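Chemist: 3D, please:
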Amino acid sequence: MNDFSEIESELKKLRPAPVSNDLITRVEKRFMEESSTSPAAAKHSARANWISLGLGLGLAAAAGFLMLARVHNEQPKKSEPLVATTKSSPNESHTLPAGARMIPAGLTEVVYHTRDEGLHFPDGATAPVRRMRYHTKETLRWRNPQTGASLRVTYPSEEVVLLPISGQ
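Modeler: Residues are numbered from 1 along each chain as shown. Model prediction:
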């Protein structure tokens, strides 16, 4: 038997409580007060709504202007350009200055062509597989946080995927 059947039967027996007469009289009184308000009060309320709307739009426009016209007071640091060097011997190790460290800033992979090459029956396989070929471009980005220099490398790649086919 269902464990919730007892709870369901109790919930079906529940009925909302009747509304008290006091609540009905308070609601009627409130409606009467609203209908008896003067037109001048309603006019004042509408004017206050327009004023607050105008004030809100003005503040939003000012904030948008400040975001677009923000002034940069910081002067960029003048640093000497780094000069590329070559190793004189294969055993010599060279370390970059502390300001020339590049850190990874991102990786983007874009699939620009997908081709379904149909069903294939590989040697020794019991079930067919679907062969999919993906052509992608990967972009690696590095950035130097101290100098703001950046390096971006993009290279194409091709991937072939064999997906098992289920006969169900």
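Chemist: rest of the way, CA atoms for contacts and neighbours
Modeler: Noted.
Chemist: report all helices and strands that the longest helix anywhere in the chain contacts.
Modeler: Counting residues, the longest helix found in the chain (DSSP state H) is helix 39-68. Packed against helix 39-68, as judged by 3 or more C-alpha pairs under 8 Å, 6 or more residues apart in numbering; DSSP states H and E, are no other helices or strands.
Chemist: quick check: what element follows it along the chain?
Modeler: Following helix 39-68 in sequence order, the next helix or strand is strand 103-120 (DSSP states H and E).
Chemist: work out the sheet partners of the very next helix or strand once past that next one and label each with its direction, please.
Modeler: With elements assigned by DSSP H and E, the helix or strand that comes after strand 103-120 is strand 129-143. Each strand paired with strand 129-143, and its direction, by DSSP bridges: strand 103-120 (antiparallel), strand 150-164 (antiparallel).
Chemist: give the buried residues for strand 129-143.
Modeler: 129, 131-132, 136, 141-143 (16 or more other C-alpha atoms under 10 Å).
Chemist: wait, residue 139 touches residue 155, no?
Modeler: Yes. Taking contacts as C-alpha atoms under 8 Å, residue 139 lies within contact range of residue 155: 6.7 Å.
Chemist: please tell me how far residue 156 sits from residue 134.
Modeler: Residue 156 sits at a distance of 11 Å from residue 134 (criterion: C-alpha to C-alpha, to the nearest Å).
Chemist: if anything else comes up later, I'll come back, but that's it for now.
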